[in-house]
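Engineer: Dropping the sequence and predicted coords here.
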Amino acid sequence: MITKQKGTYDISGDDAKKREYVNEIIRGICEKYNYNYIETPVFEASELFHRSVGETSDVVKKETYDFLDRGERNLTLRPEGTAGVARWFIENKLYGNMTEPVKVFYNEKMYRYERPQSGRNREFTQFGVEFIGSDDVMADVDVISLAYQTYSLLGLDTVIKINSLGDTESRDNYRKALVDYLAPHIDELCEDCKERLNKNPLRVLDCKIDGDSDIIASAPKTTQYLNQESLDRYNKLKDYLDLLEIPYEEDDRLVRGLDYYNHIVFEIYADIPNVGHLALGGGGRYNGLIKKLDGPDMPAVGFAMGYDRTMLAIEEAGNNIPIKKDIDAYVMYVSDSEKETAAFITQNLRLNGFTTETDYLNKGLKGEFKSADRFNAKYLVILNDEDLAKNEVNVKDNVTKEEEKVNINDLIDYLDMHD
RNA sequence: GCGGAAUUGGUGAAGUGAUUAACACGCCGGAUUGUGGCUCCGGUAUGCGUGGGUUUGAUUCCCACAUUCCGCCCCA
């Protein structure tokens, strides 16, 4: 038997219906905020991700699906959505005649070669938005507001953690200060953190073991190293969030894994029973990225939501996603002549807006009743030759069990009236 | 990349080195020959993740692999 590949999954049945519902929420809110839907390719030149996400990040070093195609091209399945959008923006020279910022959203499959575990797979979905062409805090607010309202519409109570990494100068100064501070304490750190100090010092702040230690608590803060411009911008963001009544927590230890972020970064958390404090998404400003990819110096900000873990959160929080499980009508027949009429009536009901099923297995009446119940049919349309001779069918309300004979030509009107 | 646990039918599962692999749900058939849902009766794994090995004999023991779940790294 051929089994599915590690870290992939099929989505069907109720799960698929729930996703359709969530997709509609996403589509609806993006429409209100005026973000346009975009699809970019699943695979891109490997170099795109290496340059954007950062050569040193583990996402690129050991988590990408890289392969050579038959033309010997180095390709990579996208591990995140921003790089593809940036490439699209640059390749189509959208900066050439930009009278308005470019606002797009995607909701697509991403791929990372990771060991699957709770809320994490190799193939996963991210919903995200990118706002390109404004360096104003108004744009940051736009993105954070959309993110917050999306979770809110999904019935999740979230907290937004925000921080500022500052511009490149601030960020570099901070990184240096942190390493200088931690180096003398290296023996007091956990094994993992000793490693992190070399590879990715900012992540020491996130350590589960040392995170609460005095050493980390009194470590330098990102905000202490912001230059005036960066600080002003950060304060302005908080003013706007207050104004819009979007709850947030400042977290000066919040740093993000991908290299391209600067200034505002944020992550969105929810407290989920049985799971704990779960990060559902995050984002930030990435002013240098488009230039780094051979485009113009173009400011941008974005957000991405981990779709699968958001579904998990909705599930665990006990939120009910409405699923349409019932059908409007089930057409029942036995004889061949009834069957022909059944085919006709079934099509006719469908074309008039009724979700309709019928029997495809020649079950006989008893089995058809069972099927109708399985489908949760509201009405049973029961045919028999005797009534058909008079151009009539039996319509049985499957809740009240009341049954009436209805002329075939009046069937649609009859169901409309009772609907 | 590292570590731990698991894998029995459509589903939930019990179980054993050797006669027909419990039980329950579901499904199918019948009692009820074209108006069901209750009840009763009967049927429903030539098989115990896949491939090897040990053995007179393996679903049970051993090895490898696959997938799932949990944790680490990493990320979100």
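Structural biologist: Noted; the coordinates are in hand. Residues are numbered from 1 along each chain as shown, chains lettered A, B, ... in the order given.

Engineer: Distance of the nearest residue to residue A:185 once chain neighbours are set aside relative to residue A:207?
Structural biologist: In space, and not counting its chain neighbours, residue A:185 is closest to residue A:215: 5.1 Å by Cβ to Cβ, 6 or more residues apart in numbering. Yep, even glycine has a C-beta here, placed from its N, CA and C like the rest. In this view, residue A:215 and residue A:207 are 10 Å apart by Cβ to Cβ, to the nearest Å.

Engineer: swap in residue A:105?
Structural biologist: According to Cβ to Cβ, residue A:105 stands 33 Å off from residue A:207.

Engineer: Between these two, which is the more surrounded one?
Structural biologist: residue A:105 (24 against 17; other Cβ atoms under 10 Å).

Engineer: and the residue lying closest to residue A:207 once chain neighbours are set aside, how many neighbours?
Structural biologist: Nearest-residue entry for residue A:207: residue A:193, 5.2 Å, with adjacent residues in sequence omitted and distances by Cβ to Cβ, 6+ apart. Burial of residue A:193 is recorded as 24 neighbouring residues (other Cβ under 10 Å).

Engineer: Could you do residue A:272 as well?
Structural biologist: Counted with other Cβ under 10 Å, residue A:272 comes out at 21.

Engineer: Just list the residues touching it, thanks.
Structural biologist: Listed by Cβ atoms under 8 Å, 6 or more residues apart in numbering, the contact set of residue A:272 reads A:278, A:312, A:313, A:316, A:317.

Engineer: returning to that earlier point: which pLDDT value belongs to the residue nearest to residue A:185?
Structural biologist: pLDDT recorded at residue A:215 is 78.

Engineer: how many neighbours does it have?
Structural biologist: Residues lying near residue A:215 (other Cβ under 10 Å) number 16.

Engineer: Tell me which other helices or strands the helix or strand encompassing it touches.
Structural biologist: Using DSSP states H and E, the element containing residue A:215 is helix A:214-217. Judged by 3 or more Cβ pairs under 8 Å, 6 or more residues apart in numbering; DSSP states H and E, helix A:214-217 has no packing partners among the helices and strands.

Engineer: If we go by neighbour counts, what in it is buried?
Structural biologist: For helix A:214-217, the neighbour count (16 or more other Cβ atoms under 10 Å) marks A:215, A:216 as buried.

Engineer: What lies in contact with it?
Structural biologist: Outside helix A:214-217, the residues within contact range by Cβ under 8 Å, 6+ apart are A:182, A:185, A:188, A:189, A:204, A:205, A:207, A:210, A:253.

Engineer: State the phi and psi torsions of the residue nearest to residue A:9 when sequence neighbours are not counted.
Structural biologist: Once flanking residues are discounted, residue A:9 sits nearest to residue A:121: 6.3 Å by Cβ to Cβ, 6+ apart. Main-chain torsions, residue A:121, degrees, to the nearest 10: phi -130, psi 170.

Engineer: Could you check how many residues crowd around residue A:121?
Structural biologist: 18.

Engineer: tell me the contacts of it?
Structural biologist: A:7, A:8, A:9, A:114, A:308.

Engineer: which of these are buried?
Structural biologist: Among these, those classed as buried by neighbour count (16+ other Cβ under 10 Å) are A:7, A:114, A:308.

Engineer: how about residue A:343, secondary structure?
Structural biologist: What DSSP: H, G, I helix; E, B strand; the rest coil gives for residue A:343 is helix.

Engineer: same question, the one 10 residues further on
Structural biologist: Under three-state DSSP, residue A:353 falls in the coil class.

Engineer: measure it to residue A:416 for me?
Structural biologist: Applying Cβ to Cβ to residue A:353 and residue A:416 gives a distance of 9 Å.

Engineer: Likewise for residue A:75?
Structural biologist: Distance from residue A:75 to residue A:416, by Cβ to Cβ: 54 Å.

Engineer: and those two? which has more neighbours close in?
Structural biologist: Set residue A:75 next to residue A:416 and count neighbours by other Cβ under 10 Å: residue A:75 wins out with 18 against 11.

Engineer: Pretty sure residue A:67 is one of the things the more buried one touches, is it not?
Structural biologist: Yes - judged on Cβ atoms under 8 Å, residue A:75 makes contact with residue A:67 at a distance of 5.8 Å.

Engineer: just the helices in the stretch 251-400 of chain A please.
Structural biologist: In the stretch 251-400 of chain A, the helices defined using DSSP state H, counting those that start in this stretch lie at A:289-292, A:307-316, A:336-351, A:365-374, A:385-389.

Engineer: so does the longest one get close to RNA strand B?
Structural biologist: Yes - figure legend: helix A:336-351 in contact with RNA strand B (Cβ under 7 Å from any atom of the strand); contacting residues residue A:338.

Engineer: Cool, thanks, talk later.
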